[in-house]
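Asks: The sequence and its predicted three-dimensional model are supplied below.
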Amino acid sequence: MANLKTTYMGLSLKNPLIVGSSTLTATADKCKEFEDNGAGAVVLKSIFEEQIRAEVSSTYDTLDGNMHPEAYEYLQADMPMRIGPASYLEKVSETAEALSIPVIASINCTTPDKWVNFADKIAAAGADAIELNVYDIPSSSNISGADIEQRHLELVRAVSATVTIPISVKLGSFYSSIPAFTKALDQEDIQAIVMFNRFFQPDIDIEDLAIKPSTNLSRPEDLRTPLRWIAITSDEVNCDICLTGGVHNAEGAIKSILAGANAFQICSVLYSQERNPISKILSGMNEWMDNHHYETIEDFHSLLSNKHLNTKDGFERAQYMKALI
Ligand SMILES: Cc1cc2nc3c(=O)[nH]c(=O)nc-3n(C[C@H](O)[C@H](O)[C@H](O)COP(=O)(O)O)c2cc1C
């Protein structure tokens, strides 16, 4: 029987399957269920800056306007840190206590000062690592791609200067040069890059003339985008790489490792009707490894990354050279 043990961000994992951040990882009970089904680690639901702001503004309204002005000022200034993350911190410590596999907290914020404070408190609450979900919508034509990259690097730098637990950075796929940006991130003090987040994409209701939410679950074909970029970048960086996006079965999991990922995350498949996809993926990996006489993950890790393939014909070809049909 193959051995699926591996390390990710310096953490020992019993296997490279990580349950990715979503509503499903918002409670300790559900995370425990994923552990019981065999997951190697879990990433908690992200805490979002909007959540914190909303919580904070409703509490500002309850502050007594007659209190001492200095006390009022102090409470106002301190409020975001005292109240915003409190329930998230409780969730982190509750989950970390309930699980024996690594628990990775996740933060989505856009301003460096808040990131730093949340990250520090989350680390103290018992998270084994932090995933920084650097995602915002650049909706102003005054902000260039270089500005955004610079801001993301500054955020990462600020957090890594504060916390001592491992840090990963979860990226979207919309950078003009993914190899250049991952290389720049790798110069920072981070342990992993997670590729790629799947963004919430609102739809339009043409009868009500309104924006409507849409579910945005992946399909197995979506795996090809992270596979390509991991195959191209994984040999160029020193930090670990984690694939997220389109792993629905053992085949997708195996492809992730072959392309150069150290671990992979699953999310959409957990929303499907499939019964216990975690144990199916793990047993499928085991069977494939046995059939191919691979004893450990290391034996086939990165075998199909660009450098190992030693050809630019595969992952780097951008256009069809000729019509396929
Ligand atoms: C309903 C839902 C909620 C999600 N919430 C988060 C989140 O809070 N933070 C985050 O970093 N990613 C979030 N994601 C993205 C997933 O973690 C994952 O990266 C993405 O869905 C791609 O993986 P998949 O193809 O296995 O679904 C969410 C995805 C879904 C479908």
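Replies: Ah, there it is. Numbering: from 1, shown residues only.
Asks: ok and the residue in the stretch 101-250 of the chain nearest the ligand?
Replies: In the stretch 101-250 of the chain, the residue found nearest to the ligand is residue 218; the distance is 3.0 Å by C-beta to the nearest ligand atom. Every residue, glycine included, has its C-beta placed from N, CA and C.
Asks: Show me which residues of this protein sit near the ligand.
Replies: 20-23, 45-46, 106, 133, 170, 197-198, 216-218, 222, 244-247, 266-268 (C-beta under 6 Å from any ligand atom).
Asks: Work out the gap between whichever strand or helix holds residue 33 and the centre of the chain.
Replies: Assigned by DSSP states H and E, residue 33 belongs to helix 28-37. Helix 28-37 sits 18 Å away from the centroid of its parent chain (C-alpha atoms, centre = their mean, to the nearest Å).
Asks: Narrow the residues of the chain next to the ligand to just the buried residues.
Replies: 20-22, 45-46, 106, 133, 170, 197-198, 218, 222, 244-247, 266-268 (16 or more other C-beta atoms under 10 Å).
Asks: So which of the residues you listed belong to strands?
Replies: Members of these lying in strands (criterion: DSSP state E): 106, 133, 170, 244, 266.
Asks: Can you name the residues that contact residue 108?
Replies: Shown in contact with residue 108 (C-beta atoms under 8 Å, 6 or more residues apart in numbering): 46-49, 133-135.
Asks: what's the most distant pair in those residues?
Replies: By the measure C-beta to C-beta, 47 and 134 form the most distant pair in those, at 13.8 Å.
Asks: For the chain, give me the ranges with low pLDDT.
Replies: Along the chain, the parts satisfying pLDDT under 70 run over 49-84, 111, 113-115, 310-313, 317-325.
Asks: Now do the strands in it.
Replies: So, for the chain - with DSSP E - the strands run 6-8, 11-13, 17-19, 41-43, 47-48, 103-108, 129-133, 167-171, 192-195, 203-205, 210-212, 240-244, 263-266.
Asks: Output those strands in a markdown table; the columns should cover distance to residue 251.
Replies: Converted to a markdown table, the strands of the chain look like this (distance: least, C-beta to C-beta, whole Å):
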| stretch | distance to residue 251 |
| --- | --- |
| strand 6-8 | 18 |
| strand 11-13 | 20 |
| strand 17-19 | 14 |
| strand 41-43 | 21 |
| strand 47-48 | 33 |
| strand 103-108 | 25 |
| strand 129-133 | 25 |
| strand 167-171 | 23 |
| strand 192-195 | 19 |
| strand 203-205 | 30 |
| strand 210-212 | 34 |
| strand 240-244 | 13 |
| strand 263-266 | 12 |
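Asks: Number of residues surrounding the residue lying closest to residue 288 once chain neighbours are set aside?
Replies: Sequence neighbours aside, residue 254 is the residue nearest to residue 288 in space, at 5.6 Å (criterion: C-beta to C-beta, 6 or more residues apart in numbering). Residue neighbour count, defined by other C-beta atoms under 10 Å, stands at 20 for residue 254.
Asks: so the spatially most central residue of the chain bridges to which residues?
Replies: In the chain, the centroid-proximal residue (C-alpha atoms, centre = their mean) is residue 170; its distance is 4.4 Å. Beta-bridge pairing of residue 170 under DSSP bridges involves residue 133, residue 194.
Asks: Could you give the number of residues near residue 297?
Replies: Residue 297: 21 surrounding residues under other C-beta under 10 Å.
Asks: could you list every residue that touches residue 261?
Replies: Residue 261 neighbours (C-beta under 8 Å, 6+ apart): 16, 226, 230, 234, 241-243.
Asks: Buried ones from those residues, can you make that a ChimeraX selection?
Replies: Entered in ChimeraX, the line below selects the buried ones among these, by 16+ other C-beta under 10 Å:
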select :16,226,230,234,241,242,243
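Asks: closest to residue 112 among the contacts of residue 261?
Replies: Nearest to residue 112 out of the contacts of residue 261 is residue 242 (C-beta to C-beta; 23.6 Å).
Asks: The residue nearest to residue 148 when sequence neighbours are not counted: neighbouring residues, count only.
Replies: Distances taken as C-beta to C-beta, 6+ apart place residue 138 nearest to residue 148, at 5.6 Å, with adjacent residues excluded. Residues lying near residue 138 (other C-beta under 10 Å) number 13.
Asks: Also residue 1?
Replies: 8.
Asks: do residue 238 as well
Replies: Residue 238 - counted by other C-beta under 10 Å - has 9 other residues nearby.
Asks: Was I right to think it contacts residue 186?
Replies: Yes - at 5.8 Å, residue 238 counts as touching residue 186 under the criterion of C-beta atoms under 8 Å.
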